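# 3D model of this:
(one chain, ligands or ions: 1)
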Amino acid sequence: DTVKGDAALKLGVVSLFPEMFDALTQHGVSGRAVREGIIDIGFWNPRDYATDRHRTVDDRPYGGGPGMLMKVDTLRAAIRDARQSLMSEDGVPPKVIYLSPQGRVLDHTGVRELADHGRLVVVAGRYEGIDERVIDADIDEQWSIGDYVLSGGELPAMVLMDAVARMVPGVLGHAQSAEEDSFADGLLDCPHYTRPESIDGHGVPPVLLSGNHQEIRKWRLKQSLGRTWCYRPDLLEDRMLTKEEQTLLDDFIREYVA
Ligand SMILES: COc1ccccc1CNc1ccc(C(N)=O)cn1
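Below you'll find the predicted structure:
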């Protein structure tokens with residue numbers, strides 16, 4: 001499976017279950033980006049490199065114990081081909097990442113770093129994982145989507161790929177919405193409202209019906225700041241606040257504790 005030349009983001013996936021990635025390639029914003037060629041995704045399945053009659057892709061762990069590991073030769077062959085296919089014309093290799101609970105926990109900063117690289121091979125582990133020597137030899141970075149264990153790396157890979165895809169210009173349509181993404185400016189999102197105007201007697205904040213765009217912008221910023229202060233004060237620790245933001249937050253807190 002080759003990756004087209006001119007896509008803004010080139011992704012290679014090494015997985016035993018490539019059909020799982022239909023969730024990303026066949027639906028929604030990411031599906032359109034793939035269809036339009038903004039993002040190109042190629043798949044390499046270790047099972048296609050198996051030469052034995054049973055097409056074996058797992059192997060037993062030295063030292064015994066429960067569970068299996070991904071078979072080394074079929075895995076390495078798939079990673080090698082994906083890596084070569086995503087090598088740039090002037091020989092710059094892609095970044096090869098492996099999703100595992102041992103990895104760096106993904107956050108907005110990490111998503112931006114990965115998106116800036118532009119060419120990624122994502123390796124999805126199955127069973128109990130992969131041989132440590134393959135990690136040392138073939139994996140550039142290990143990443144985790146959070147402190148929990150899943151049955152495979154495919155779902156974490158799709159989470160990472162979707163977050164990275166949203167960073168690519170043109171994927172989200174109107175460009176500024178990537179910046180408006182709440183974590184883009186380090187704050188939680190403001191509340192959102194749509195029709196009907198009243199739900200079980202609960203109305204919409206009047207400012208949003210006022211048509212006063214400056215007041216609406218300030219209200220939304222105040223709500224983002226206030227909600228961040230309430231639910232994720234840690235995010236405010238390493239985020240500088242402008243004078244306007246500080247004033248809005250002070251107002252929110254004054255009203256909140258009143
Ligand atoms: C027992 O599974 C493994 C054991 C070792 C490596 C990979 C796997 C595949 N599972 C994963 C993968 C990633 C994450 C994460 N938190 O990003 C969670 N689970």
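
# so where do the strands sit in the stretch 101-250 of the chain?
Along the stretch 101-250 of the chain, the stretches classed as strands by DSSP state E, counting those that start in this stretch are 119-124, 141-144.

# would you put the C-alpha positions of the lengthiest helix in the chain in CSV?
Counting residues, the longest helix found in the chain (DSSP state H) is helix 213-231. Only the C-alpha atoms of helix 213-231 are listed here, as CSV (Å, rounded to 0.1, in the frame of the first residue of the first chain):
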residue,chain,number,x,y,z
HIS,A,213,-20.6,39.8,18.9
GLN,A,214,-18.1,41.6,21.2
GLU,A,215,-20.3,40.8,24.2
ILE,A,216,-20.7,37.2,23.0
ARG,A,217,-17.0,36.8,22.6
LYS,A,218,-16.4,38.1,26.1
TRP,A,219,-19.1,35.9,27.6
ARG,A,220,-17.7,32.8,25.9
LEU,A,221,-14.1,33.6,27.0
LYS,A,222,-15.3,34.3,30.6
GLN,A,223,-17.2,31.0,30.6
SER,A,224,-14.1,29.1,29.3
LEU,A,225,-11.9,30.7,32.0
GLY,A,226,-14.5,30.1,34.7
ARG,A,227,-15.0,26.5,33.8
THR,A,228,-11.3,25.9,33.6
TRP,A,229,-10.9,27.5,37.0
CYS,A,230,-13.6,25.2,38.4
TYR,A,231,-12.8,21.9,36.8
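
# quick check: buried residues in that helix?
216, 218-229 (16 or more other C-beta atoms under 10 Å). Yep, even glycine has a C-beta here, placed from its N, CA and C like the rest.

# who's in contact with it?
Residues from elsewhere that reach helix 213-231 (C-beta atoms under 8 Å, 6 or more residues apart in numbering): 182, 185, 187-191, 205, 207-208, 210, 235-236, 241, 244-245, 248-249, 251-253, 256.

# measure the residue of the stretch 151-258 of the chain found nearest the ligand to residue 128 for me?
Nearest residue of the stretch 151-258 of the chain to the ligand: residue 156, at 3.7 Å (C-beta to the nearest ligand atom). Distance of residue 156 to residue 128, computed by C-beta to C-beta, to the nearest Å: 15 Å.

# the more surrounded of these two?
Using other C-beta atoms under 10 Å, the more surrounded residue of residue 156 and residue 128 is residue 156, with 24 against 13.

# ok, now which ones touch the more buried one?
Residue 156 touches 99, 124, 143-145, 150, counting by C-beta under 8 Å, 6+ apart.
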